[in-house]
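In: how would this look folded up:
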Amino acid sequence: MMRDKKAARWTVLMIVSFTMMAAYFFYDAMAPLKGMLERTQGWSSTDYGLFTSSYSWFNVFLLMLFLGGILLDRKGIRFTGGLATGLMVVGALIKYASLAGILPAEGTLFGIRNQVLYASTGFGIYGIGAEVAGVVVTRTIVKWFSGYELALAMGLQVSIARIGTGIAYLTANPLAEYFKNVPGLVMFGTVLLIIGMLAFLIYNVTLDKKLDRELESAGTASLEDEFKLADVKLVLGNCGFWLITILCVLFYSCVFPFLKYAPDLMTNKFGIEESWSGVIPSVLPLGTVLLTPLFGSIYDKKGKGATIMIIGALMLVGIHALFAVPGINNWVYAVCLTVLLGISFSLVPSAMWPSVTKIVPEKQLGTAYALIFWVQNIGLMGVPLLIGVVLDRWCKIGGAGYDYTIPMLIFTGIAVLSVIVAVLLKREDARKNYGLEKANMKR
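Out: As a prediction, the model looks like this:
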């Protein structure tokens, strides 16, 4: 069978990882441009926070991720993945049209400036596609790597995708200057999304279709066809599922929203020029490229998944607390903390995503991952908006900058909660024997 061949498995991984790398680039490309948006477009920190939170609007309020997970379990990878990558491109084009002035920028609607609202709407539609695509890609890796290098494959996928984030932070300002405006950068990211969509469609009509034919001829029933809506109740009633879900939303709420404000933090706290403000934050995703697969490989061979998650969450508490300390503004200090944050950011996901497969039956994985991503999106929606409002209301320094002490304390508090949940998850594993502390690979 194709998935028994190493070359086929790793080819699949490279294809779907490239699609997610393009998605990550587009997601993070505007983070280093917060100051430019304030100067050239008249955006406030609240506008920026609202725009950043809009990524999750439709996923949270319209349950799009939940519906996407059910669609994945009912219709399969090819249909759901094609739809998701198409939505990413459509949302990106709407975002471009709003920033390029193709859609009317003047006036307000629902108390929000038209340009901000239209850009946010496009980003929200893109967010539906990106999050569902993430679920599809995770399910694809499980399909091809179960019983093999599952945690390593998941770690590599995350690492390759984060290259897109690292490139975004490194190149956003130079590219915006090259294109003479923000819309040019957005169109560049849209082109990458189109290439990623085409790559996934090629996988659909070649490798995935061929594997399904092999499974059918071998008499293996499709797990996707076996799924029933009643199985959702089984997922929701699983205590281990809820603990790993809550850990996910708390942990990622301390990382992704932080990254959205990290370039502005570097400028305001550490005195780094705006054109270079994305360089230090880029260390975080690029540093995980080797570390996440390394920790995933350790989990595959040695186990200790719950312990790995506790260590990563504990590190997160210390790092954000140190970022909050006033008066320490040397850029070397910022680099060191960012490197440590990258290690933490490698530890938890390398163990968390493979652990879901031990807690939830395979035929329910699409729905389970979608529910996890849905809850995660609540954090990705609420925390950036909270930070933006806090900066505008309580952290302005004479109208010329921001004091990031309070935002970093907010991140620290969320990280403390993630440690508590990680400890509870390890205790639940001991009670239910999920096998989180056991190796993934078959001997």
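In: Got phi/psi on V255?
Out: phi -110, psi -60 (degrees, to the nearest 10).
In: now it, nearest residue through space, not along the chain?
Out: F345 (5.6 Å; Cβ to Cβ, 6 or more residues apart in numbering). The way it works is simple: take the backbone N, C-alpha and C, and place the C-beta from them, glycine included.
In: List the buried residues in the host helix or strand of the one you found.
Out: Element membership for F345, per DSSP states H and E: helix 331-359. Neighbour-count burial for helix 331-359 flags 334, 337-338, 340-359 (criterion: 16 or more other Cβ atoms under 10 Å).
In: all strands of the stretch 51-200 of the chain, in order?
Out: 108-109, 112-113 (DSSP state E, counting those that start in this stretch).
In: who does the first one pair up with?
Out: Looking at strand 108-109 with DSSP bridges, its partner strands are strand 112-113 (antiparallel).
In: How far does the partner strand sit from its chain's centre?
Out: Taking Cα atoms, centre = their mean, to the nearest Å, one finds the center of strand 112-113 at 27 Å from the center of the full chain.
In: related to what we said a few turns ago, ranking the strands of the stretch 51-200 of the chain by mean pLDDT, which is last?
Out: Set side by side, the strands of the stretch 51-200 of the chain give their lowest mean pLDDT on strand 108-109, at a mean of 83.
In: Now do it: distance to the chain's middle.
Out: Worked out by Cα atoms, centre = their mean, strand 108-109 lies 30 Å from the chain centre.
In: Give me the contact list for that strand.
Out: For strand 108-109, contacts defined as Cβ atoms under 8 Å, 6 or more residues apart in numbering pick out N114, L117.
In: the bottom helix or strand of the chain by mean pLDDT?
Out: helix 223-226 (a mean of 48; mean pLDDT, DSSP states H and E).
In: Mind checking what helix or strand follows it in sequence?
Out: That would be, after helix 223-226 and using DSSP H and E, helix 231-236.
In: for that following helix, packing partners?
Out: helix 365-394 (3 or more Cβ pairs under 8 Å, 6 or more residues apart in numbering; DSSP states H and E).
In: State the mean pLDDT of whichever helix or strand comes after the helix it packs on.
Out: Downstream of helix 365-394, the first helix or strand assigned by DSSP H and E is helix 405-432. On average, the pLDDT along helix 405-432 is 97.
In: Which other helices and strands does helix 405-432 contact?
Out: By 3+ Cβ pairs under 8 Å, 6+ apart, helix 405-432 packs against helix 239-253, helix 256-270, helix 305-324, helix 365-394.
In: need those helices in TSV with distance to A92, mean pLDDT and mean neighbour count, can you?
Out: Below are the helices and strands packed on helix 405-432 laid out as TSV (distance: least, Cβ to Cβ, whole Å; pLDDT from 0 to 100; neighbours: other Cβ atoms under 10 Å):
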stretch	distance to A92	mean pLDDT	mean neighbour count
helix 239-253	22	96	23
helix 256-270	18	95	24
helix 305-324	31	96	22
helix 365-394	18	90	23
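In: Am I right that R9 is in contact with R3?
Out: Yes: R9 lies in contact with R3 (Cβ atoms under 8 Å); the separation is 5.9 Å.
In: Give me the common contacts of the two.
Out: W144, F145, Y148.
In: just for the chain, where's the confidence low?
Out: 219-229, 399, 442-443 (pLDDT under 70).
In: what comes up buried for the longest helix belonging to it?
Out: Ranked by number of residues, the top helix in the chain under DSSP state H is helix 114-145. Residues 115-145 are the ones in helix 114-145 that count as buried (16+ other Cβ under 10 Å).
In: for stretch 270-282, same thing?
Out: Buried residues in stretch 270-282 (16+ other Cβ under 10 Å): F270, I272, E274, W276, S277, G278, V279, I280, P281, S282.
In: As JSON lines, these with distance to S44 and secondary structure would be great.
Out: Shown next, in JSON lines, are those (distance: Cβ to Cβ, whole Å; DSSP: H, G, I helix; E, B strand; the rest coil):
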{"residue": "F270", "distance to S44": "22", "secondary structure": "helix"}
{"residue": "I272", "distance to S44": "22", "secondary structure": "coil"}
{"residue": "E274", "distance to S44": "17", "secondary structure": "helix"}
{"residue": "W276", "distance to S44": "24", "secondary structure": "helix"}
{"residue": "S277", "distance to S44": "18", "secondary structure": "coil"}
{"residue": "G278", "distance to S44": "21", "secondary structure": "coil"}
{"residue": "V279", "distance to S44": "25", "secondary structure": "helix"}
{"residue": "I280", "distance to S44": "24", "secondary structure": "helix"}
{"residue": "P281", "distance to S44": "21", "secondary structure": "helix"}
{"residue": "S282", "distance to S44": "25", "secondary structure": "helix"}
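In: quick one: M441 and G147, what's the gap?
Out: M441 is 8 Å from G147, where distance means Cβ to Cβ, to the nearest Å.
In: between these two, who's got more neighbours?
Out: M441 (16 against 10; other Cβ atoms under 10 Å).
In: if I read this right, that one contacts Y299, doesn't it?
Out: No: counting by Cβ under 8 Å, M441 does not reach Y299; the two are 9.5 Å apart.
In: could you dump the helix or strand hosting L13 to PDB, C-alpha only?
Out: Mapping L13 onto the secondary structure by DSSP H and E places it in helix 6-28. The C-alpha trace of helix 6-28 is given here as PDB (Å, rounded to 0.1, in the frame of the first residue of the first chain):
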ATOM      1  CA  LYS A   6       8.400   6.100   3.000                       C
ATOM      2  CA  ALA A   7       8.800   8.200  -0.200                       C
ATOM      3  CA  ALA A   8       5.100   8.400  -0.700                       C
ATOM      4  CA  ARG A   9       4.400   9.400   2.900                       C
ATOM      5  CA  TRP A  10       7.000  12.200   2.900                       C
ATOM      6  CA  THR A  11       6.000  13.500  -0.500                       C
ATOM      7  CA  VAL A  12       2.500  13.900   0.900                       C
ATOM      8  CA  LEU A  13       3.900  15.700   3.900                       C
ATOM      9  CA  MET A  14       5.900  18.200   1.800                       C
ATOM     10  CA  ILE A  15       2.900  19.000  -0.400                       C
ATOM     11  CA  VAL A  16       0.400  19.700   2.400                       C
ATOM     12  CA  SER A  17       3.100  21.500   4.500                       C
ATOM     13  CA  PHE A  18       3.800  23.900   1.600                       C
ATOM     14  CA  THR A  19       0.100  24.800   1.500                       C
ATOM     15  CA  MET A  20       0.100  25.600   5.200                       C
ATOM     16  CA  MET A  21       3.400  27.600   4.900                       C
ATOM     17  CA  ALA A  22       1.600  29.900   2.400                       C
ATOM     18  CA  ALA A  23      -1.300  30.200   4.800                       C
ATOM     19  CA  TYR A  24       1.000  31.100   7.700                       C
ATOM     20  CA  PHE A  25       2.800  33.700   5.600                       C
ATOM     21  CA  PHE A  26      -0.500  35.400   4.800                       C
ATOM     22  CA  TYR A  27      -1.700  35.200   8.400                       C
ATOM     23  CA  ASP A  28       1.400  37.000   9.800                       C
END
